[in-house]
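Novice: Sharing a sequence plus its predicted fold:
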Amino acid sequence: MLEIKNLHANIDDKEILKGIDLKVNAGEVHAIMGPNGSGKSTLASVIAGKEEFEVEEGSIVLEGEDLEELSPEERAHKGIFLSFQYPVEIPGVSVTNFVKTAINESRKARGLEDMPANEMLKMIREKSELLEMDRKFLSRSLNEGFSGGEKKRNEIFQMAMMEPKLAILDETDSGLDIDALRIVANGVNKLRNKDNAIVVITHYQRLLEYIVPDYVHVLYNGKIVKSGTKELALELEEKGYDWLKEATV
Amino acid sequence: MAYTEEELKKELETKEYEYGFYTDIESDTLPKGLNEDIVIAISKKKNEPEWMTEWRLEAFRAWQEMEEPEWANVTYKKPNFQDISYYSAPNKKPKYDSLDEVDPELLDTFKKLGISIDEQKKLAGVAVDIVMDSVSVATTFKKTLAEKGIIFCSISEAIQEHPELVKKHLGTVVPKKDNFYAALNSAVFSDGSFCYIPKGVRCPMELSTYFRINQAGTGQFERTLVVADEGSYVSYLEGCTAPSRDENQLHAAVVELIAMDDAEIKYSTVQNWFPGDKEGKGGVFNFVTKRGLCEKNAKISWTQVETGSAVTWKYPSCVLKGDNSIGEFYSIAVTNNFQQADTGTKMIHLGKNTKSTIISKGISAGQSQNSYRGLVQVSSRADNARNFSQCDSLLMGNRCGAHTFPYIEVKNKSAQIEHEATTSKIGEDQIFYCNQRGIDTEKAIALIVNGFSKEVLNKLPMEFAVEAQKLLEISLEGSVG
């Protein structure tokens, strides 16, 4: 599904990613962990195509297609979804209207007609129930005045609506209390299937108790310094990151 | 391609005026210049009664003594008033019974505008009185309206057919000496619309006028007078587009609304005059005086979407004379490239328990300057007057400006005045967020701007809301791709 090779990326001439290799197959869940400033969010942004970052070397290939020349929206049309760590507010644009626009723009890019209104409504109802969202929430302005938990739930709601091939969840657990975390994780688990893949970026292994990864990678100083199975997350929880830092210095 | 803010700004600047075409219709145009003879000639050409000619001359004499105002937050080269032709009428001017008789080129013009009369006729409940340059060319739906006793015609026709109504109301809300441009308009106005709704009648359809400047070097001076008699209701739509021209064109209209006891007037404007090119060359000077008078329990709502003109100077106002009367002002003003807008409203509370609401949304892009200027005045007699004002500004890029000049004058202790203001910026983060969801930058800007403007767009009649949204997109997006 996703293959990243020797990825180097800069922002303002400062190298953040220093040679990342990562292979994610359909049906897999990968967790990327690491201390603050290790480059986790940068990796997410670079995969999504954020232009501030310059890819100096290496490649990102999604289903055999090199993404280098593709704009963020084209990558989205190919099925890449990023759940933002800090979702932005768009006053006056309702959650429903935003999701509707997003879905129909992607459909247009694939040469499809707009989704019929009744189908859209049905889907909205199903997915909002999945995430135990209040219907009133859907008519509120996107992220405006949302609590941290509501923002994250809304991200996963959009993921559910857009049915991406590759979903990257950037610190989705931050700002969530334990109940909200359970709902969000439960939602994500229901969206898992053999045809899609999920990359979970997180600080703590707490989220990984709910969304159980197939693989865990540790990102430190712009490189993946260790990969393993879900037990690695537990080890990190216990020992912190310092032992890895020492190992790489 | 994704977009940085820098590129975004560039794209916004490359937007060209979509309606920049010129219709070649023979015109009957007076020589350039302005003096008493010209004023008399205009009046004669229109076959006006003597009282009207005198009225114009009085206005002209007053105008000669007046100075062009300079207090607005705009800078421009003042027009040379002797270099303008003050009258231009399409030559072939018989009234048509059907569209087939109308000059095909004219029809074509409307097709380019996407407002063909054909379409308009079919649009349920919309009567269209089209002003092409200065003389009405076609009036539709008149019959239906006549059955209800509603008069909807050109102001020239009203002067001929309903002189008593015109004489009684013209200049009562905007006196001919009100200000420099109002005086000029009073002297030389060529045409415009007149509307009268009889007592207790609810106008069954939206009344709509499309204005258009069509002659090179011809100023346009419309005069609109809407009179809603006791207990009546009317919703009036005014839309404007002007073709592309290199020299600046002057547009100085006067609109007067009179809402008698218990009457309601809703006046909606979509203004898309040529804004000038991306270097700031050309464009329309839009110096407009719009004012409404509310008698007891009456209500006037102004809703405007202003996307055009190089320089705009416009303050649709309400004089809340009668007790319990209500004034509303909902505005979206978009400026791009080198456009300058100084717009807002005046709410003059004279009666008791009068209420006013002001919602202003300013959107600035390019190197444009967008100012809100508003006055809320409560007189000593106006017990329990209430006003709520909200002025929001949205900035795109870092070379444009947003300014707010709220004036509040209160002479009665029982007044309640609220003023809220915000300034925000379309950020790269918002754009990237939308991009990531598969929404391209052009669409993202439209979405954000529409969201920002929603409270005002919601106040527009359905037929207009769609067009207004389209205009917002045209004004701010252009050639992304």
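Specialist: Done, it's in.
Novice: Is stretch B:382-391 positioned near chain A?
Specialist: No: on the criterion C-beta under 8 Å from any C-beta of the partner chain, stretch B:382-391 is out of touch with chain A, staying 12.7 Å away. Quick note: C-beta positions are derived from backbone N, CA and C, even for glycine.
Novice: who touches that stretch?
Specialist: B:320, B:347, B:349-360, B:362, B:372, B:374, B:376, B:378, B:404, B:406, B:412, B:414-422 (C-beta atoms under 8 Å, 6 or more residues apart in numbering or on different chains).
Novice: Repeat the analysis, applying 6 Å as the threshold.
Specialist: With contacts defined as C-beta atoms under 6 Å, 6 or more residues apart in numbering or on different chains, stretch B:382-391 is touched by B:349-350, B:352-360, B:372, B:376, B:378, B:404, B:412, B:414-421.
Novice: so of the residues you listed, which ones are in strands?
Specialist: Of the contacts of stretch B:382-391, the ones assigned to strands by DSSP state E are B:349, B:355-360, B:372, B:376, B:378, B:404, B:416-421.
Novice: could you flag which of the contacts of stretch B:382-391 are buried?
Specialist: Burial by neighbour count, judged by 16 or more other C-beta atoms under 10 Å in any protein chain shown, picks out B:349-350, B:352-360, B:372, B:376, B:378, B:404, B:415, B:417 from those.
Novice: What is the burial count for the closest residue to chain B within chain A?
Specialist: Proximity of chain A to chain B (C-beta to the nearest C-beta) peaks at residue A:92, 3.0 Å away. Counted with other C-beta atoms under 10 Å in any protein chain shown, residues neighbouring residue A:92 total 21.
Novice: any idea which helix or strand carries residue B:164?
Specialist: helix B:163-169 (DSSP states H and E).
Novice: List the buried residues of that helix.
Specialist: In helix B:163-169, counting by 16+ other C-beta under 10 Å, buried: B:165, B:166, B:169.
Novice: quick one: contacts for the first one?
Specialist: Which is residue B:165. Neighbours of residue B:165 in contact, by C-beta under 6 Å, 6+ apart: residue B:196.
Novice: measure it to residue B:195 for me?
Specialist: For residue B:165, the distance to residue B:195 equals 10 Å [C-beta to C-beta, to the nearest Å].
Novice: in its sheet, what does the host helix or strand of the residue of chain A closest to chain B sit against?
Specialist: Per DSSP H and E, residue A:92 falls inside strand A:90-94. Sheet pairing for strand A:90-94, assigned by DSSP bridges, gives strand A:141-142 (antiparallel).
Novice: How far does the partner strand sit from its chain's centre?
Specialist: 20 Å (C-alpha atoms, centre = their mean, to the nearest Å).
Novice: what's that strand in contact with?
Specialist: Here strand A:141-142 has contacts from A:90, A:91, A:92, A:93, A:95, A:98, using C-beta under 6 Å, 6+ apart.
Novice: Low-confidence ranges, the chain, go.
Specialist: Just going to use chain A. A:245-249 (pLDDT under 70).
Novice: was after chain B, sorry
Specialist: Residue ranges of chain B with pLDDT under 70: B:1-28, B:88-143, B:209-219, B:240-248, B:463, B:477-481.
Novice: Kindly report the residues of it close to chain A.
Specialist: For chain B, the contact set with chain A under C-beta under 6 Å from any C-beta of the partner chain comprises B:1-2, B:4, B:429-430, B:432-433, B:435-440, B:447-448, B:451-452, B:454.
Novice: hmm, 7 Å instead?
Specialist: Residues of chain B lying close to chain A (C-beta under 7 Å from any C-beta of the partner chain) are B:1-2, B:4, B:429-430, B:432-433, B:435-440, B:443, B:447-448, B:451-452, B:454.
Novice: Just the buried ones from the residues you listed, in ChimeraX syntax?
Specialist: Remark: buried members of the residues of chain B next to chain A, expressed as a ChimeraX selection using 16+ other C-beta under 10 Å:
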select /B:1,2,430,432,433,435,436,437,438,439,440,443,447,448,451,452,454
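Novice: re the thing from before, who's in contact with the following helix or strand past the helix holding residue B:164?
Specialist: Downstream of helix B:163-169, the next assigned helix or strand under DSSP H and E is helix B:180-188. With C-beta atoms under 7 Å, 6 or more residues apart in numbering or on different chains as the contact definition, helix B:180-188 has outside contacts at B:34, B:39, B:42, B:56, B:59-60, B:62-63, B:66-69, B:86, B:171, B:174, B:176-177, B:221, B:223, B:252-254, B:287, B:289.
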